[in-house]
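> Return a 3D structure for these sequence lines:
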Amino acid sequence: MLRGVRLKQGKKEHRCQRRVLIVAYDGAQILDIACPSGALDIANRYGAQPPYSIELGTLGRRSARSSAGIVLGAGRGLEAVVGPLDTLIVVGGIGCEDAAADERLLGQVRRLAAHSRRVASVCTGAYVLAAAGLLDHRRVTTHWGWADRLAERHPAVAVDAAPLYIRDGNVYTSAGVTSALDLTLALIEDDHGPTLARTVARELVTHLHRPADQAQISMFLAAPPPEDRLVRDLMGHIAGHLAEDLTPAALAARAGISPRHLTRLFTAHLGTTPARAVRAARTEAAAHLVHSSALSMAAIARRCGFGSAETLRQAFLDHYGVTGDRLRRMPDMPPPRVAPRQKTPGP
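All right, here's what the predicted structure looks like:
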């Protein structure tokens, strides 16, 4: 049973807590449940006032079998929950389409949403909110791999697959799986301020939460399709050897192809040239070192393959629009000015 703080029954006691109900179903993604519940629980342990009461709810209080096969015992039957609620969170997972077709579940979600201060979905939980009519005429996001289908099924919903999470009024939607952590840290900051959110992030051993509009897929995650083994292997080599010779000629020699063919492959599968891909990878790695270490800019420049601190400074300006010193003072990593173009998946 998920329960951060035991749910009190009196109305007066309810007002002293932030009641959070996480809605689950068979086929839910367990990380969609663990990310928000775990972060809110840590916020409680570090003194969130008022604290969060966290419960897992299902139809009929039935156990929910996650997509990983782990069975989760529900703390509440949705039918028995009486508002007001602070936050209603609907999770995603491979069972989202069946859940979105269950009129009993949709009816309970609509009822509970009407008595909630804010409503949120994690990943493909947006399918359930959309089917319940709660996303019409709103800008929302979901997992990038499911976004097109959501837009086709619900033309009244403005689906944007790029951001990590979106707030539209009192409705919050997040991208795939672990972006739930970014969303929850943002909710904690809204409720209790940036100090507690940063403390929770440190306890979770994660980066301070990423901005909402940061792209879902960075250069490190923008892997080509599995059949493009050569490009995939070269990107792995780049990420692991940033300080080495990564010129197009060196990469082409490593792959046993001509520099011209290398450029064609990178353009086709990454939407950028080899030189630009290397520079973006080095810049992102340097930005993470700026945030996670006390190394000087010169030392970071050497580790990441830049010729000098001044070259790194220009790379930060081009990629993020800020200098390294400014980046170090910022609480969160800014999104790239221009995200790399993603190759459109085939059918």
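> any idea which helix is longest in this structure?
Longest helix of the chain, by residue count under DSSP state H: helix 274-292.
> Residue 308 is in contact with residue 297, correct?
No. With contact defined as CB atoms under 8 Å, residue 297 does not count as touching residue 308 (9.3 Å). In this view, the C-beta of every residue, glycine as well, is placed from N, C-alpha and C.
> Between the two, tell me which one has more neighbours.
A count of neighbours by other CB atoms under 10 Å puts residue 297 above the other of residue 297 and residue 308, at 22 against 12.
> burial count for the closest residue to the more buried one other than its chain neighbours?
Of all residues not flanking residue 297 in the chain, residue 309 sits nearest, at 4.3 Å (CB to CB, 6 or more residues apart in numbering). As a burial measure, residue 309 scores 16 neighbours (other CB under 10 Å).
> helix/strand/coil for residue 88?
Following DSSP: H, G, I helix; E, B strand; the rest coil, we place residue 88 in the strand state.
> mind listing what's buried in stretch 161-176?
By 16 or more other CB atoms under 10 Å, the buried positions in stretch 161-176 come out as 161-167, 171-176.
> Give me the distance between the closest residue to residue 147 other than its chain neighbours and residue 233.
Excluding the flanking residues, the one nearest residue 147 by CB to CB, 6+ apart is residue 161, at 3.6 Å. Using CB to CB, to the nearest Å, residue 161 is found at 27 Å from residue 233.
> ok, for the spatially most central residue of the chain, nearest residue in space, not its chain neighbours?
Geometric centre of the chain, nearest residue: residue 179, 1.7 Å, by CA atoms, centre = their mean. Spatial nearest neighbour of residue 179, excluding adjacent residues (CB to CB, 6+ apart): residue 164 at 4.5 Å.
> distance of the one you found from residue 325?
Distance of residue 164 to residue 325, computed by CB to CB: 25 Å.
> Give the helix, strand or coil label for residue 142.
Per three-state DSSP, residue 142 ends up coil.
> where in this structure is pLDDT low?
1-15, 207-227, 292-293, 331-347 (pLDDT under 70).
> quick revisit: the residue nearest to residue 179 and residue 182 touch, don't they?
Yes. Residue 164 is within contact range of residue 182, at 4.9 Å (criterion: CB under 8 Å).
> can you map out the helices along the stretch 51-200 of the chain?
For the stretch 51-200 of the chain, the helices defined by DSSP state H, counting those that start in this stretch occupy 96-100, 103-113, 125-131, 147-153, 179-192, 194-203.
> so which of the ones you listed is the most packed in?
Across those, averaging neighbours per residue (mean count of other CB atoms under 10 Å) puts helix 125-131 on top, at a mean of 28.
> residue ranges of the strands in this structure, please?
Along the chain, counting by DSSP state E, strands occupy 18-23, 52-58, 64-65, 71-72, 76-77, 85-90, 116-121, 139-140, 158-159, 165-168, 171-174.
> got these as TSV, with distance to residue 245 columns?
Shown next, in TSV, are the strands of the chain (distance: least, CB to CB, whole Å):
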stretch	distance to residue 245
strand 18-23	50
strand 52-58	51
strand 64-65	51
strand 71-72	51
strand 76-77	59
strand 85-90	48
strand 116-121	46
strand 139-140	44
strand 158-159	42
strand 165-168	39
strand 171-174	40
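> No more questions from me, cheers.
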